[in-house]
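K.L.:
requesting a structural model of the entry that follows:
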Amino acid sequence: MANFLAKAFGFDSSKHSVRTEILAGLTTFLTMAYILAVNPGIFSALDMPGGSVFTATALAAIVGTLVMALYAKKPFALAPGMGLNAFFVFTVCLGMGKPWQFALTAVFIEGIIFLVLTVTKVRTWLINAIPGTLKKAIGAGIGLFIAFIGLQGAGIIVDNGATLVGLGAITKGKALVGIIGLFITAGLVMAKVRGGILWGILITAVIGIFIKDPATGAAITTLPSKVVSLPDSVAPIFCQFEWSSILSWDMLAIVFTFLFIDMFDTMGTIIGVHQGAGLIEKGNDEIPGVEKMFLADSIATIAGACFGTSTTTTYVESASGVGEGGRTGLTAFSVAVLFALALFLSPIFLAIPSAATAPALIIVGVMMMPSIKTIHWEDYCKAIPAFVTIIMMPLAYSISDGILLGVISYVLCHAVAGKFKEISVTMWVLAALFICKYIFI
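P.N.:
You can find the predicted model right below:
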């Protein structure tokens with residue numbers, strides 16, 4: 001059994017625990033299962049069959065996460081990305097007036113290009129070109145970003161109109177559930193309870209049964225009316241590509257945008273979670289096995305486009321499972337199995353509210369902050385780009401924008417200070433490309 005686990009998932013019985021890996025997978029799944037409900041809701045604006053989109057979402061997650069588990073042997077999970085799905089629906093289809101078949105074709109082409117860039121190791125070259133200071137900042141920035149997502153999901157932080165963000169009604173409804181859950185989860189983590197984050201999610205979900213939403217009068221956690229349901233077919237949206245417009249300027253711009261966001265979201269997640277979990281050796285900024293992780297991401301995007309959904313990418317919520325101790329492909333395999341079960345047990349999995357998963361995301365955000373301890377804050381050439389990277393991820397609501405603006409500020413700060421020797425040719429090229437991206441796209 002030990003040999004099988006080692007060959008299949010990179011599991012080392014002297015370092016890893018099967019129980020911990022499985023619990024970590026369950027934790028990751030619970031923090032990202034919202035995509036099964038959110039994705040069909042977003043695509044409903046295009047009149048795509050909700051049941052088919054639900055099935056496509058789960059299948060894309062299963063394929064990508066299995067490749068990550070068995071080939072890359074890493075504890076990361078994949079699913080159709082938030083932000084990328086909104087760009088697909090609201091910008092490409094509703095904003096530009098393109099049919100969803102056109103957008104699916106763009107996603108498919110982007111996945112092929114991603115695969116080529118991975119095989120030729122261009123993506124690895126890019127990730128290794130990012131200075132160590134920015135890599136450390138990326139980890140902390142993602143920590144703030146996922147904590148912000150959690151605070152929003154629980155209604156603790158809301159859009160108040162006047163100042164963009166403000167404090168929600170924290171003494172009632174889902175915000176109250178989230179705050180109670182946060183202190184419960186924090187207590188479990190501080191007490192070093194095994195599976196503390198997962199227990200926090202489950203206990204918070206139970207508490208939600210007894211607290212009502214003041215607006216609707218319904219309980220925050222609603223018990224499902226049924227347990228098992230058969231998945232809908234993906235036939236109506238499977239491989240529905242439109243090849244007649246692949247040489248148009250619109251297609252080029254859309255493919256490039258999908259590629260840009262996907263590339264740097266994935267890069268940021270991989271760097272950030274590795275930094276936050278201490279999976280990068282001291283004195284070595286390179287991430288082991290990064291090519292295989294990128295390959296899993298590109299294969300997942302191609303598969304997702306065939307199934308009928310938007311770009312599939314590595315999920316930042318994987319940090320919750322890594323925070324629970326997940327270190328091998330067995331964690332990712334557990335997530336894939338749970339997505340397969342979700343195809344038939346969706347009423348149960350979708351009953352867990354965002355208020356219950358929010359505490360997990362906030363605690364994981366805390367866990368990812370130590371990566372900034374070794375940033376030289378007294379050196380403003382490094383401190384300013386690091387700060388820009390960290391602060392822009394939650395404020396721009398984008399991992400990729402945080403990285404892009406961090407790279408631009410790194411080059412500009414060093415150039416203004418006359419430290420040209422510390423700017424590699426690659427960083428000059430990246431900064432120029434990123435500036436062009438903001439000007440022309």
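K.L.:
show me the strands in the stretch 151-300 of the chain, by range?
P.N.:
Using DSSP state E, counting those that start in this stretch, the strands assigned to the stretch 151-300 of the chain run over residues 157-158, 166-167.
K.L.:
of all those strands, which lies closest to I302?
P.N.:
Between I302 and the strands of the stretch 151-300 of the chain, the shortest gap by Cβ to Cβ is with strand 157-158, which sits at 36.0 Å. C-beta here means a position set from N, CA and C on the backbone, and glycine is covered the same way.
K.L.:
show residues contacting that closest one.
P.N.:
By Cβ atoms under 8 Å, 6 or more residues apart in numbering, the list of residues contacting strand 157-158 from outside reads 148, 151-152, 165-168.
K.L.:
listing partners with orientation, what would you give for that strand?
P.N.:
Within its sheet, strand 157-158 is paired with strand 166-167 (antiparallel), according to DSSP bridges.
K.L.:
just the pLDDT for the closest residue to E21 other than its chain neighbours.
P.N.:
In space, and not counting its chain neighbours, E21 is closest to L330: 4.0 Å by Cβ to Cβ, 6 or more residues apart in numbering. Looking at L330, its pLDDT stands at 94.
K.L.:
is it fair to say L330 lies in a helix?
P.N.:
Yes: when the secondary structure is assigned by DSSP: H, G, I helix; E, B strand; the rest coil, L330 falls within a helix.
K.L.:
touching, it and G25? I think so.
P.N.:
Yes: using Cβ atoms under 8 Å, L330 is in contact with G25, at 7.3 Å.
K.L.:
before we move on, back to that, closest to K226 out of the contacts of strand 157-158?
P.N.:
Here the nearest of these to K226, counting by Cβ to Cβ, is Q152; it sits at 29.7 Å.
K.L.:
quick one: the lengthiest helix in the chain to chain centroid distance?
P.N.:
Scanning the chain for the helix with the most residues, using DSSP state H, yields helix 249-276. In terms of Cα atoms, centre = their mean, to the nearest Å, the gap separating the centre of helix 249-276 from the centre of its chain is 11 Å.
K.L.:
list the helices and strands it packs on?
P.N.:
When contacts are defined as 3 or more Cβ pairs under 8 Å, 6 or more residues apart in numbering; DSSP states H and E, helix 249-276 packs onto helix 84-86, helix 100-119, helix 122-129, helix 132-153, helix 290-307, strand 312-314, helix 318-323, helix 399-416.
K.L.:
report the buried residues of the third one.
P.N.:
Right, the one you point to is helix 122-129. Within helix 122-129, the residues scored as buried using 16 or more other Cβ atoms under 10 Å are 123-124, 126-127.
K.L.:
just give me the neighbour total for G81.
P.N.:
Around G81 sit 28 other residues, with neighbours defined as other Cβ atoms under 10 Å.
K.L.:
tell me the spacing between the residue lying closest to I287 once chain neighbours are set aside and V119.
P.N.:
Leaving aside its chain neighbours, I287 sits nearest to H274 (5.4 Å; criterion: Cβ to Cβ, 6+ apart). Using Cβ to Cβ, to the nearest Å, H274 is found at 22 Å from V119.
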